[in-house]
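Peer 1: I'd like to go over a predicted model; first the sequence, then the structure.
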Amino acid sequence: MKKNFWPPVDKFFWVVITAFFFNHCATTSKKLIVPPTNLAPENLRARISQNFQRLHSFEGKARVIIELPRSGHNGFSEVFINFPDSIFVKTEAMLGIDIGSLFLDDRVFGAYAPRENVLYYGEVELLDLREFLQIELTPSELYEALTGLIQISLNDSSQFSVDDGKYLVASPAAAGQVKYWIDPENFLVTKSQVLDRTGKILLDKEMQRVRTRSGVILPQIIRFTRPLAKERITVYYTEQKINRRIAAGKFQLKPAKSAQRVYWGVLDRPQVDRARVK
């Protein structure tokens, strides 16, 4: 006769112990990280800023996809950034977008359209990126879309909570409200939303595939969506280099000598040094 492995009296006891063991292992192997709620928003902003302070230069290659209601554009771009403010973007095979290169800093911008052979330049505060990229982006949003780094805005009415295992900061804004979701492990803003006064999302920012390179935490995929306008830009990096010296020549537009130059600004008192956008 085959002997029963389970002792007849203690069979139920062993079933309970075994179930507890497997359930406990499954639970601890997928432990949900719940961030503490006693971190002040000001301290949270300081932790986020530490990542910015470690980033001095950025060089990357990315596929850029622009989705519009009636059309779409995609191609490859090279990105060069010297912090705190110099940005240079060179596009290749960006179908439907006639901008070969774009430069801007805290004062001036230059954009070269090779097919038109026109160099546009002027004060950065007058720059309308829709003219060149066909999508609504401010210069500061372009910086965020290229780096995936977002700093949070706080005021006396900001609310601080925890949502789905992440810090959530909600602050009143001119449009209505802005929300930030911050990863509690690396203190990176992984999601941000601008909402109008009725709660509709005006701008949604998402950062994915977070990696640490040379001590700097950066996402590999950055996606900005304007749901009401049905516009989206996605930047997917295939290469990222951090804090390496970038030659000054990488920030030069280099238009053809025959290029027409169009100045954006006050024509009788131009404030831009033409030599900066040669």
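Peer 2: Alright, I've got the coordinates.

Peer 1: for the stretch 1-150 of the chain, which spans come out with low pLDDT?
Peer 2: Where the stretch 1-150 of the chain drops to pLDDT under 70, the residues are 1-39, 93-98.

Peer 1: count of neighbours near residue 51?
Peer 2: By other CB atoms under 10 Å, the residues close to residue 51 number 19. C-beta: built from backbone N, CA, C; applies to glycine.

Peer 1: Which positions in stretch 50-70 come out as buried?
Peer 2: Burial within stretch 50-70, assessed by neighbour count using 16 or more other CB atoms under 10 Å, is assigned to 51, 55-56, 58-60, 62, 64, 66.

Peer 1: make that stretch 221-235, sorry
Peer 2: Buried, per 16+ other CB under 10 Å, within stretch 221-235: 221-226, 231-235.

Peer 1: Out of the buried residues of stretch 50-70, which sit inside helices?
Peer 2: residue 51 (DSSP state H).

Peer 1: could the buried residues of stretch 221-235 be laid out in a markdown table, adding pLDDT, distance to residue 135 and secondary structure?
Peer 2: As requested, the buried residues of stretch 221-235 are exported to a markdown table (pLDDT from 0 to 100; distance: CB to CB, whole Å; DSSP: H, G, I helix; E, B strand; the rest coil):
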| residue | pLDDT | distance to residue 135 | secondary structure |
| --- | --- | --- | --- |
| 221 | 97 | 17 | strand |
| 222 | 98 | 14 | strand |
| 223 | 97 | 12 | strand |
| 224 | 97 | 9 | strand |
| 225 | 97 | 11 | strand |
| 226 | 96 | 8 | strand |
| 231 | 95 | 5 | strand |
| 232 | 95 | 8 | strand |
| 233 | 95 | 6 | strand |
| 234 | 96 | 11 | strand |
| 235 | 96 | 12 | strand |
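
Peer 1: Please identify which of the residues you listed is nearest to residue 260.
Peer 2: residue 233 (28.0 Å; CB to CB).

Peer 1: Does the closest one touch residue 135 like I think?
Peer 2: Yes: using CB atoms under 8 Å, residue 233 is in contact with residue 135, at 5.6 Å.

Peer 1: where do the contact lists of the two overlap?
Peer 2: residue 66 (CB atoms under 8 Å, 6 or more residues apart in numbering).

Peer 1: beta partners of the closest residue in space to residue 74 that isn't next to it in sequence?
Peer 2: Nearest non-adjacent residue to residue 74, counting by CB to CB, 6 or more residues apart in numbering: residue 65, 4.4 Å away. Taking DSSP bridges as the rule, residue 65 bridges to residue 74, residue 234.

Peer 1: Can you name the residues that contact residue 65?
Peer 2: 72-74, 232-234, 236.

Peer 1: sorry, back to before: save the buried residues of stretch 221-235 as CSV, and put in distance to residue 175 too.
Peer 2: Below are the buried residues of stretch 221-235 laid out as CSV (distance: CB to CB, whole Å):
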residue, distance to residue 175
221, 25
222, 21
223, 20
224, 15
225, 15
226, 12
231, 16
232, 19
233, 19
234, 23
235, 23
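
Peer 1: from those residues, which single one is nearest residue 146?
Peer 2: Scanning these for proximity to residue 146, where the rule is CB to CB, the winner is residue 235, at 6.5 Å.

Peer 1: Hmm, that closest one is touching residue 220, no?
Peer 2: No: applying CB under 8 Å, one finds residue 235 not in contact with residue 220, separated by 9.2 Å.

Peer 1: Okay, strands next: where are they in the stretch 151-278 of the chain?
Peer 2: Ranges of strands in the stretch 151-278 of the chain, per DSSP state E, counting those that start in this stretch, are 159-163, 166-172, 176-182, 189-196, 201-213, 216-226, 231-242, 260-264.

Peer 1: quick one: average pLDDT of the fifth one?
Peer 2: Taken as a whole, strand 201-213 has an average pLDDT of 95.
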